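Q: A structural model of the following input is requested.
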Amino acid sequence: MKEVKFTKMHGAGNDYIYIDCTSSTPATLPQLAIEMSRRHFSVGADGIVLICPSDVADLKMRIFNADGSEARMCGNATRCIGKYAYEHGLIHSTAISLETLSGIKYLTLTVDPATDEVSTVSVDMGPATFRCSDIPVSHTSDTMIDSMVEIDAPEKSIRLTAVSMGNPHGVVFVDHDPTDREVLGLGPILECHPIWPDRANIEFCRPLDRHRLLMRVWERGSGETWACGTGACAAASAAVATGRCDFPVNVELRGGTLLIDRRPDGHILMEGPAEEVYSGTYRIKNCKTL
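A: Numbering: from 1, shown residues only. Modelled structure (predicted):
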């Protein structure tokens, strides 16, 4: 029997299990993610996040979804790592560089001087891209913006915008509050649609006004989550690209609100909360430490 120390954190309800791997890393990571993420029977989370050393940045992030698949990027997790790194003494600066599979992300921490605790984190998420080859998504033109996609469902087809924030997203705009039937029914169908070589995150969004967007998300590898940072960036970018909203956009999710803006150079900025819930020790079988 082996033990792994962990900290449970969430960003707007998008909850992950964070493991400090600056000294050692558990093996069998996909299986560990599956076991630890099971709700009701284990710690329960949308996945596990490893905080690792980096040769090119202050720290490195690895993410394994609840189904054991490795994700390239997670905006909410980047904010939580910023809070963890500062408050646990891994980093002593309010400006942090973080290596991810989608490149290096730059975090700016807002710290309460009275408590020395991180209240919010802003992340430079890089530019959004609508180029199909970069997402990737299979389509007959260079971009897929408000395009009809045939699906195996009673709707027969659905209008979708494809965008990448370092990971693939399909944004669906609706004129009502997103429903369980859409998110839980169409979400998994669209996630695994043949147009996506690597599956995709699916966002169902209702524009509320020029600067507010209501969103629910079906995340690849995790199912519905209460928030998705890259999804909020993708949805806001798609809303602006299709003329539905203007930056800055407050994206209202089930777990809270994220502020999404765009710099003059095209980089997307995401700002929102990060919360530490509790720490503990998880006992596992057949898992060695490297």
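Q: for Val56, which three-state class applies?
A: Assigned with DSSP: H, G, I helix; E, B strand; the rest coil, Val56 falls in the coil class.
Q: pLDDT below threshold where in the chain?
A: 1, 285-290 (pLDDT under 70).
Q: spatially nearest residue to the residue nearest in space to the middle of it, not counting backbone neighbours?
A: Central residue of the chain (Cα atoms, centre = their mean): Cys74, 3.2 Å from the mean position. Nearest residue to Cys74, sequence neighbours excluded (Cβ to Cβ, 6 or more residues apart in numbering): Ile63, at 5.2 Å. Using the backbone N, CA and C atoms, a C-beta is placed for each residue, glycine as well.
Q: touching, that neighbour and Ile51? I think so.
A: No - the pair Ile63 / Ile51 is not scored as a contact, 10.7 Å apart, by Cβ atoms under 8 Å.
Q: give the contact list for the residue nearest to the centre of the chain.
A: With contact taken as Cβ atoms under 8 Å, 6 or more residues apart in numbering, Cys74 is in contact with Asn14, Tyr16, Val49, Met61, Ile63, Cys228, Gly229, Thr230.
Q: would JSON lines of these with distance to Val4, secondary structure and neighbour count be doable?
A: Output for these, formatted as JSON lines (distance: Cβ to Cβ, whole Å; DSSP: H, G, I helix; E, B strand; the rest coil; neighbours: other Cβ atoms under 10 Å):
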{"residue": "Asn14", "distance to Val4": "21", "secondary structure": "strand", "neighbour count": "32"}
{"residue": "Tyr16", "distance to Val4": "14", "secondary structure": "strand", "neighbour count": "30"}
{"residue": "Val49", "distance to Val4": "13", "secondary structure": "strand", "neighbour count": "28"}
{"residue": "Met61", "distance to Val4": "17", "secondary structure": "strand", "neighbour count": "24"}
{"residue": "Ile63", "distance to Val4": "16", "secondary structure": "strand", "neighbour count": "23"}
{"residue": "Cys228", "distance to Val4": "25", "secondary structure": "coil", "neighbour count": "34"}
{"residue": "Gly229", "distance to Val4": "25", "secondary structure": "helix", "neighbour count": "27"}
{"residue": "Thr230", "distance to Val4": "26", "secondary structure": "helix", "neighbour count": "32"}
